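K.L.:
got a sequence here, can you build the structure:
(one chain, ligands or ions: 3)
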Amino acid sequence: MSRVAVVLFNLGGPDGPDAVRPFLYNLFKDPAIISVPAILRYPLAALISSRRETSAQANYNIMGGASPLLPETQKQAAALDAALAVARPDLTVKSFIAMRYWKPFADQTAQEVAAFAPDEIVLLPLYPQYSTTTTASSLQDWAKAYKGPGRARTVCCYPTAKGVVEGHATAIRDTWVKAGKPANVRLLFSAHGLPEKVIAGGDPYQAQIEATAAAVAAQVPELTDWRVCYQSRVGPLKWIGPSTVDEIHVAGEQGVGLLITPIAFVSEHIETLVELDHEYAELAVQQGVAPYLRAPALGVEQAFITALVDTVDHALARAGGAAPEGAWLCPARYGKCGRSVKGT
Ligand SMILES: C=CC1=C(C)c2cc3[nH]c(cc4nc(cc5[nH]c(cc1n2)c(C)c5CCC(=O)O)C(CCC(=O)O)=C4C)c(C)c3C=C
Ligand SMILES: [Fe+2]
Ligand SMILES: [Fe+2]
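P.N.:
Ligands and ions are numbered 1, 2, ... in the order given. Purely as a prediction, here's the structure:
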C-alpha cells in the first residue's frame with residue numbers, strides 16, 4: 001500500500017506568554033514579511049518584537065495566554081485523516097503539521113515525515129488563498145527543511161473549492177438564522193490585510209479573496225448586501241482596503257447591522273477571537289451597529305474537510321486527474337501564483 005504524508009502548513013502562534021516575543025521575532029525576520037536586506041531586517045525584527053511584546057501578550061491573555069492555532073489545526077488534521085481513511089482505503093495516509101513561526105517548526109516535522117518513509121508527500125497550505133507572505137514562505141521553509149524520501153506534490157491555492165465556499169455559506173447562514181434572521185444586515189467578508197506593495201508585486205491574494213467572497217455570497221442570497229474588507233494592519237506601510245474598522249464606522253453611519261465572517265483564516269485564532277470578537281465588537285457597540293454577528297471560521301466543518309480530501313486526491317492524481325469542483329486557476333497577470341496544483 002502506498003504511503004502518503006500530507007503536510008498541513010499554517011502560521012503558528014505562541015504556546016505561552018514567554019513565546020510571544022520569539023514568535024514575533026520569527027515573523028518579522030521573514031523576508032516574505034519584511035522585504036529588506038537581512039542586515040537591517042534582523043535588528044528591525046528584534047526591535048518590533050520587543051515593542052509589540054506587552055500588547056500582544058495582553059491579547060493572547062484574553063485567550064488564556066496562548067494561541068489556539070495548533071490545537072485547532074490538530075483537530076483539522078485528525079478530521080482529515082479520518083476522512084481520507086474512508087475516501088482512500090487504498091492508501092496509508094497520515095497528516096503532519098508544520099508551522100512557520102512557532103512549534104512545530106518545519107525542521108521537526110520534516111524529521112517526522114522522513115521517519116514515516118512516505119512514497120508521496122502532499123504539501124497542503126491551510127491558506128485557501130495564495131500569498132507570498134504565507135503560502136510561499138511556508139513552502140520555501142519546507143523545501144529547505146525536508147531531505148527525506150517521497151515524491152512531493154504541492155497544492156498552491158484553492159480559493160473557490162466547492163467545500164470552502166459551502167463551508168463559509170453554511171457558517172454564515174447558521175449564524176444569521178440563529179440570530180432570528182434579522183433584516184437590514186450587511187455581510188462583511190473580513191480578510192487579513194497585506195501591504196499594497198505586496199499586491200502590486202504580483203501577489204494574487206486580494207484577487208483570490210474577492211473570488212472566494214463572490215462565490216460564497218452567491219450561495220447566501222438571503223444577504224444581498226455584502227462587502228470585502230481587510231483587518232489586522234501592522235506597520236507604517238499603506239495596506240489594501242477598505243479596512244474592517246472603516247466598514248464598521250460606515251455601517252454605524254448608515255444604520256445597518258453587520259454579520260462578519262473571517263475569510264482567509266480557516267481556524268479560530270487571535271485575529272478572530274480577540275480582534276473580531278473583542279476589539280471590533282466594542283467598536284460596533286460604540287458606533288451603534290446592531291446586531292453585530294460573527295460567523296465561525298471553517299474549523300472542522302464537514303464541507304471544508306471534504307474540500308481538503310478532494311484537494312489531496314487531486315494532488316495525487318495530478319497527471320491527467322480531473323481538477324476538483326471549483327478549482328481555481330490564477331490569471332496570468334498574477335505571476336506569483338501559476339496553477340492551483342503544481343508538481344515540485
Ligand atoms: C491569510 C493569512 C495571513 C496573512 C496574509 C498574513 C500576513 C501578515 N501578517 C502580519 C503580521 C502578524 N500576523 C500575526 C498573526 C497572525 N497572522 C495570521 C495570518 C496571516 N498573516 C494568523 C493566522 C495569525 C495568528 C497567529 C496566532 O497566534 O493565532 C501577528 C501576531 C499577532 C499580533 O501581534 O497582532 C502579526 C504581528 C504581517 C506583517 C503580514 C503581511 C505582511
Ligand atoms: Fe498575520
Ligand atoms: Fe495558485
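
K.L.:
low-scoring stretches of the stretch 201-344 of the chain, by residue?
P.N.:
Within the stretch 201-344 of the chain, the segments meeting pLDDT under 70 span 318-344.

K.L.:
now the helices: where do they sit in it?
P.N.:
Here the stretch 201-344 of the chain has its helices, by DSSP state H, counting those that start in this stretch, at 205-218, 244-254, 270, 280-286, 302-316.

K.L.:
out of those, the one nearest ligand 3 is which?
P.N.:
Counting by C-beta to the ion, ligand 3 lies closest to helix 205-218 out of the helices of the stretch 201-344 of the chain; the figure is 7.8 Å. From N, CA and C alone the C-beta is placed, and that goes for glycine too.

K.L.:
quick one: check the closest one for contact with ligand 3.
P.N.:
No - Helix 205-218 stays clear of ligand 3 (C-beta under 5 Å from the ion), getting no nearer than 7.8 Å.

K.L.:
I'd like the helices of the stretch 201-344 of the chain as CSV, with mean neighbour count and distance to ligand 1 appended.
P.N.:
Shown next, in CSV, are the helices of the stretch 201-344 of the chain (neighbours: other C-beta atoms under 10 Å; distance: least, C-beta to the nearest ligand atom, whole Å):
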stretch, mean neighbour count, distance to ligand 1
helix 205-218, 21, 6
helix 244-254, 18, 14
helix 270, 21, 4
helix 280-286, 16, 14
helix 302-316, 22, 15
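
K.L.:
want to throw those helices into JSON lines with distance to residue 121?
P.N.:
Output for these, formatted as JSON lines (distance: least, C-beta to C-beta, whole Å):
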{"stretch": "helix 205-218", "distance to residue 121": "24"}
{"stretch": "helix 244-254", "distance to residue 121": "36"}
{"stretch": "helix 270", "distance to residue 121": "30"}
{"stretch": "helix 280-286", "distance to residue 121": "39"}
{"stretch": "helix 302-316", "distance to residue 121": "10"}
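
K.L.:
tell me which of those helices lies nearest to residue 75.
P.N.:
Residue 75 sits nearest to helix 302-316 of all the helices of the stretch 201-344 of the chain, at 10.1 Å, using C-beta to C-beta.

K.L.:
look up how far residue 133 lies from residue 127.
P.N.:
As for residue 127, its distance to residue 133 is 10 Å (criterion: C-beta to C-beta, to the nearest Å).

K.L.:
the more surrounded of those two?
P.N.:
Neighbour totals were compared for residue 127 and residue 133, and residue 127 leads with 26 against 23 (other C-beta atoms under 10 Å).

K.L.:
residue 208 reaches residue 130, doesn't it?
P.N.:
Yes - using C-beta atoms under 8 Å, residue 208 makes contact with residue 130 at a distance of 6.2 Å.

K.L.:
and whatever residue of the stretch 201-344 of the chain ends up closest to ligand 1, its phi and psi?
P.N.:
Residue of the stretch 201-344 of the chain nearest ligand 1, by C-beta to the nearest ligand atom: residue 269 (3.1 Å). Backbone torsions for residue 269, taken as degrees, to the nearest 10, come to phi -160, psi -170.
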